[in-house]
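> Sequence and predicted structure below; questions after.
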Amino acid sequence: MSKVNKEKLLRKLHKEYDNSNYLRVTKIANQILKLDSNNHDAFFFKVASLSHLDKNEEYLELCKEAWKNNSNDLDFILELADFLRNYDENEEAAIILEEAFKLNPENNLIMEKLLYTLFEIDGLKRPFEIIDNFPKENPLWLDCLFFKSQLYSMKFMYKEALDVSNDVLSHDPTHLNALSKKVFVLNKLERSDEAYEVIEFRIKNNLRPKWAKVDKAIYLLNNNRSSDALDLLDEVIDEDPNFAYALSTKASFANMAGENILALDYINRALENSDHRSKESCLLIKSQILAALGEYDESFDCLDAIHEDSMYAIDAIETKEKIEEELSNLKIVKDN
């Protein structure tokens, strides 16, 4: 297949998929795969289309076959696991990730995806079995232990998350993830002055200083130092105009000040630059801004996009209840 013909078929593949012509997609994908069996685009469009056509057994068999044929292609294996997770095939994704981790026992990304996948299947039990039995001589041991704090936090068990973060920090006082998580859980436990001490330690020692400065801005705002908070936040945004955490925090500040058009601009910029970890936080903030602008349907759409197992799930429920109460009060006023 010439490069031109291949690119033409790939463009057609994308177009047919966007138009939900899934049977046509499988035929075009087969054309491509017949001449280029390792074309990942064609493979993933084909299995996604088979899923949409309710041919689950067929697409799972294809995934298993592709996994066996590409077991040494780590990027493909991770992409395949993500695909399966997106289609709620977590058990199949876990099998692939467990095998990949056996072959790559010092790969942090595989470990992270495996622990999250097992958490989605069975809560804390299965990931904790891996963490508690993880060999201490493995270079990833502290990172693995940290995930216990992360998963406790996702279950809103903040005291337990704090204990594990402190355990990690007793072995490595500069562990970046543990320091960040400690700030988060201390704030959740309403121990903001202790969180502030950790923030200053991070800034002083150049440990994720951008993040720490945003955390400090939030602390300053909560302690009636709004001018200092805004100055610090603007300093961070000047240094990195695409830093999603700073942009979303600026949006939140503007929302609290009633400057919701400005807030909407900042939160949209934050969403454009957010990764999967920060997206739901941004959606929560955007829902509050849209509600303040009277765009209630769009606000609810943002909240509905927050997964029920997310660390922001309770905040999303509370925000939704608050908006519904506001709508109810508006209806009462209108009826009167």
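Thanks, I have the structure now. Just so we're clear, the structure is a prediction, and the values are computed from it rather than from any experiment. Numbers count the residues shown, from 1 in each chain.

> Name the residues that touch the longest helix along the chain?
What stands out as the longest helix in the chain, according to DSSP state H, is helix 313-335. Contacts with helix 313-335, where a contact means CB atoms under 8 Å, 6 or more residues apart in numbering, come from Phe156, Leu284, Ser287, Gln288, Ala291, Tyr296, Ser299, Phe300, Leu303, Ile306, His307, Ser310. C-beta: built from backbone N, CA, C; applies to glycine.

> if you set the cut-off to 10 Å instead, what comes out?
154, 156, 280-281, 283-285, 287-288, 290-292, 294, 296, 299-300, 302-308, 310, 312 (CB atoms under 10 Å, 6 or more residues apart in numbering).

> Please state the offset of that helix from the chain centre?
27 Å (CA atoms, centre = their mean, to the nearest Å).

> Check which residues of that helix are buried.
With burial defined by 16 or more other CB atoms under 10 Å, the residues of helix 313-335 counted as buried are Ala313, Asp315, Ala316, Thr319, Lys320, Ile323.

> now for the host helix or strand of Lys159, which elements pack on it?
Using DSSP states H and E, Lys159 sits in helix 158-171. Packed against helix 158-171 by the contact rule (3 or more CB pairs under 10 Å, 6 or more residues apart in numbering; DSSP states H and E) you find helix 141-154, helix 176-188, helix 192-204.

> Now render the ones you listed as a markdown table, adding mean neighbour count.
Converted to a markdown table, the helices and strands packed on helix 158-171 look like this (neighbours: other CB atoms under 10 Å):
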| stretch | mean neighbour count |
| --- | --- |
| helix 141-154 | 21 |
| helix 176-188 | 21 |
| helix 192-204 | 17 |
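
> Mind putting those into TSV with mean pLDDT and distance to Glu61?
Formatted as TSV, the helices and strands packed on helix 158-171 follow (pLDDT from 0 to 100; distance: least, CB to CB, whole Å):
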stretch	mean pLDDT	distance to Glu61
helix 141-154	95	32
helix 176-188	96	38
helix 192-204	96	49
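
> Val47 is nearest to which of these?
For the helices and strands packed on helix 158-171, the distance to Val47 is smallest for helix 141-154, at 28.8 Å, taking CB to CB.

> quick check: angle from that closest one to helix 313-335?
If you take axes from the mean of the first three to the mean of the last three CA atoms, to 10 degrees, helix 141-154 sits at 30 degrees to helix 313-335.

> now helix 141-154, how far from the chain's geometric center?
Centre to centre, stretch against its chain (CA atoms, centre = their mean), the figure for helix 141-154 is 16 Å.

> now stretch 260-279
Distance, centroid of stretch 260-279 to centroid of chain: 14 Å (CA atoms, centre = their mean).
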